[in-house]
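>>> dropping the sequence and predicted coords here.
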Amino acid sequence: MDLRESAEDRAFRDEVRTFLEDGLAGDFAVVRGRGGPGDEHALFDERLAWERHLGAHGWTCVGWPTEHGGRGLPLRQHVIYYEEYARAQGPGRLGHIGEGLLGPTLMAFGTPEQQQRFLPPIVAGDELWCQGYSEPNAGSDLANVATRAELDGDEWVVHGQKVWTSLAHWADWCFVIARTSPPADPRRKHGGLSYLLVPMRQEGIDIRPIVQVTGDSEFNEVFFDGARTAAADVVGGEGAGWKVAMGTLAFERGASTLGQQLNFRNELDAVTALARRTGVAGDPVMRQRLAAAHIALEIMRLNALRTLAGTENGTLGREAMIGKLYWATFHRGLGELAMDVLGAAALVCGDGAPGLDPSTYDPDPLQRLFLFSRSDTIYAGSNEIQRNIIGERALGLPKEPQP
Ligand SMILES: Cc1cc2nc3c(=O)[nH]c(=O)nc-3n(C[C@H](O)[C@H](O)[C@H](O)COP(=O)(O)OP(=O)(O)OC[C@H]3O[C@@H](n4cnc5c(N)ncnc54)[C@H](O)[C@@H]3O)c2cc1C
């Protein structure tokens, strides 16, 4: 396999780099390196303006086909874009759920009317989305959702509760998995679910932030009590929600994570620099762990390249299935390494000990890395679920026994 970049790809890399360097040098310098996991509370207005700046210059949704407002980039250039974005320390994207999850889902399963209504505001950064899947009794066992929706004239009326809904407090819309009819076969709960597009700013929706261990509230409980949406805003048709929901999850675990290792590289560089500054890097065990982290990141990069090389018609192959398990486990370990490099200082936060006084509880970036990365092996499918997916879908092992 030839891993060298073509002249065309190098030119594209230069174009992205120049745009981002110019953009993040002026008024937007303040958002550089801000936002994203563990720092999601930061600079909402400025990051929204950045999202719209990207949109206005054609740098959102770069992998989407041109007829839907994207640049139609091939996957390898899409990854170059992510890499350069991380290199430039571009801020955490506010529109990533619309761009990475809902948009591709609508292109695959939506009607032309739904595509025309919902895709352009995502490209422009004008409408933000959140994902309404998980409930108190439906996480890994997603088909167990109890939220229900009934048609009332030309509107769906939704009742129920979602939980862990990231960015719901900022979102204009939510894609909600709801039960619209009982399953034909009670042993197959996947039947009778629908994938609804629900506007968030209405009476009948109550959003309650959940305070996380980082001190932020990036996710929420969302209560639907008679919330309404148009009858036409069901994706894939009534009762086809499971198929559509699984399509979305494939996007969540797929292409967007391929360029991620450069974000992690920035973090590992910060950990290594700290270890050098404090002298910890002189400890043989620490040196070994820092080297192991470096090697693990290189493996991640090579696996991303291998995945790209095995890509056919933009569809990811079996290699991609190990991506989520690998990066999540690596990143959680990087958080632990960061704490060990910090040593006793890791235990102190702001002016006091963590949790004692909310007004002084402000973890520094490495503490946030540690705290937030505990969740990496849970969201978008826990490690155990990833192992089931690899076993059953990539290796063809027998299906997990059902109780
Ligand atoms: C930071 C963060 C952001 C999130 N954002 C969103 C969001 O925006 N929208 C949304 O809908 N959800 C979101 N979630 C929820 C996330 O999708 C769920 O937490 C996840 O699917 C796991 O579900 P659960 O928490 O109910 O745990 P459970 O499913 O109850 O799992 C508990 C434990 O049992 C294990 N387990 C469960 N089933 C099996 C099995 N079959 N085999 C082996 N082990 C199993 C799990 O691996 C886990 O260790 C978010 C979660 C986090 C942490």
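Perfect, thanks for sending it.
>>> now do the helices in this protein.
Counting by DSSP state H, the segments of the chain that form helices are 7-23, 44-56, 75-87, 96-97, 103-109, 112-124, 241-252, 261-278, 284-309, 323-342, 365-373, 383-389.
>>> residues in contact with the fourth one?
This means helix 96-97. Outside helix 96-97, the residues that touch it by Cβ atoms under 8 Å, 6 or more residues apart in numbering are 128, 129, 130, 131, 166, 167, 171, 256. For every residue, glycine as well, the C-beta is placed using N, CA and C.
>>> could you give the bridge partners of the nearest residue to the fifth one once chain neighbours are set aside?
On the basis of Cβ to Cβ, 6 or more residues apart in numbering, the spatially nearest residue to residue 166 that is not a chain neighbour turns out to be residue 219, at 4.7 Å. Residue 219 forms beta bridges with residue 210, as assigned by DSSP bridges.
>>> which of the contacts of helix 96-97 lies closest to residue 288?
Distance ranking of the contacts of helix 96-97 against residue 288, using Cβ to Cβ, places residue 256 first at 31.9 Å.
>>> and the closest residue in space to residue 34 that isn't next to it in sequence, what's its pLDDT?
Leaving aside its chain neighbours, residue 34 sits nearest to residue 42 (4.4 Å; criterion: Cβ to Cβ, 6+ apart). Note on residue 42: pLDDT of 86.
>>> over to residue 29?
Reported pLDDT for residue 29: 95.
>>> how far away is it from the ligand?
Relative to the ligand, residue 29 is positioned 28 Å away (Cβ to the nearest ligand atom, to the nearest Å).
>>> any idea how far residue 57 is from that residue?
17 Å (Cβ to Cβ, to the nearest Å).
>>> what of residue 322?
Residue 322 is 35 Å from residue 57, by Cβ to Cβ.
>>> okay, these two: which has more neighbours?
More crowded of residue 322 and residue 57, by other Cβ atoms under 10 Å: residue 322, with 16 against 10.
>>> nearest residue to that one other than its sequence neighbours?
residue 390 (6.2 Å).
>>> what count of nearby residues applies to the one you found?
Count around residue 390 with other Cβ under 10 Å applied: 16.
>>> so who does it touch?
The contact partners of residue 390, by Cβ under 8 Å, 6+ apart, come to 321, 322, 325.
>>> end to end, how far does stretch 106-118 reach?
Length of stretch 106-118, first residue to last, Cα to Cα, to the nearest Å: 8 Å.
>>> list the contacts of that stretch.
64-65, 68, 102-103, 119, 127, 173, 195, 197, 232-233, 235-236, 240, 243-244, 247.
>>> the residue nearest to residue 166 and residue 170 touch, don't they?
No - counting by Cβ atoms under 8 Å, residue 219 does not reach residue 170; the two are 11.3 Å apart.
>>> go through the contacts of residue 390 and name the one nearest the ligand.
residue 325 (11.4 Å; Cβ to the nearest ligand atom).
>>> by proximity to the ligand, which residue of the stretch 101-250 of the chain wins?
For the stretch 101-250 of the chain, Cβ to the nearest ligand atom, closest residue to the ligand: residue 139, 1.8 Å.
>>> just the pLDDT for that residue.
For residue 139, pLDDT reads 93.
>>> wait, what's in contact with it?
residue 164.
>>> what's the answer for residue 123, then?
55, 60, 61, 64, 68, 69, 70.
>>> filter those down to just the ones in strands.
Judged by DSSP state E, the contacts of residue 123 include no members of strands.
>>> ok, which of the residues you listed also contact the ligand?
Checked against the ligand using Cβ under 6 Å from any ligand atom, the contacts of residue 123 yield no neighbours at all.
>>> farthest pair within those residues?
55 and 68 (13.2 Å).
>>> and the two? Which one has more around it.
residue 55 (21 against 18).
>>> so what does the worst-scoring helix or strand of the chain on mean pLDDT touch, helix or strand wise?
None of the helices or strands of the chain scores lower by mean pLDDT, DSSP states H and E than helix 241-252, at a mean of 84. Judged by 3 or more Cβ pairs under 8 Å, 6 or more residues apart in numbering; DSSP states H and E, helix 241-252 is in contact with helix 103-109, strand 173-179, strand 193-199.
>>> picking up where we left off before, buried members of the contacts of stretch 106-118 into PyMOL, please.
Restricted to buried positions by 16 or more other Cβ atoms under 10 Å, the PyMOL selection for the contacts of stretch 106-118 reads:
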select buried, resi 64+68+102+103+119+127+173+195+197+233+235+236+240+243+244+247
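>>> now do the contacts for the residue nearest to residue 166.
With Cβ under 8 Å, 6+ apart, residue 219 has these contacts: 164, 165, 166, 167, 168, 209, 210, 212.
>>> returning to that earlier point: make JSON lines out of the helices and strands packed on helix 241-252 and add distance to residue 271 and mean pLDDT.
Output for these, formatted as JSON lines (distance: least, Cβ to Cβ, whole Å; pLDDT from 0 to 100):
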{"stretch": "helix 103-109", "distance to residue 271": "33", "mean pLDDT": "94"}
{"stretch": "strand 173-179", "distance to residue 271": "36", "mean pLDDT": "98"}
{"stretch": "strand 193-199", "distance to residue 271": "40", "mean pLDDT": "97"}
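>>> can you redo these as JSON lines with distance to the ligand?
Output for those, formatted as JSON lines (distance: least, Cβ to the nearest ligand atom, whole Å):
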{"stretch": "helix 103-109", "distance to the ligand": "14"}
{"stretch": "strand 173-179", "distance to the ligand": "8"}
{"stretch": "strand 193-199", "distance to the ligand": "12"}
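>>> do I have it right that residue 183 meets residue 189?
Yes - with contact defined as Cβ under 8 Å, residue 183 counts as touching residue 189 (5.4 Å).
>>> around the ligand, pick out the residues from the stretch 201-350 of the chain.
residue 219.
>>> what's the neighbour count on the spatially closest residue to residue 271 that is not a sequence neighbour?
Nearest non-adjacent residue to residue 271, counting by Cβ to Cβ, 6+ apart: residue 338, 4.9 Å away. Applying other Cβ under 10 Å, we find 24 residues neighbouring residue 338.
>>> and residue 210, what is it in contact with?
Residue 210 touches 163, 164, 217, 219, 220, 221, counting by Cβ under 8 Å, 6+ apart.
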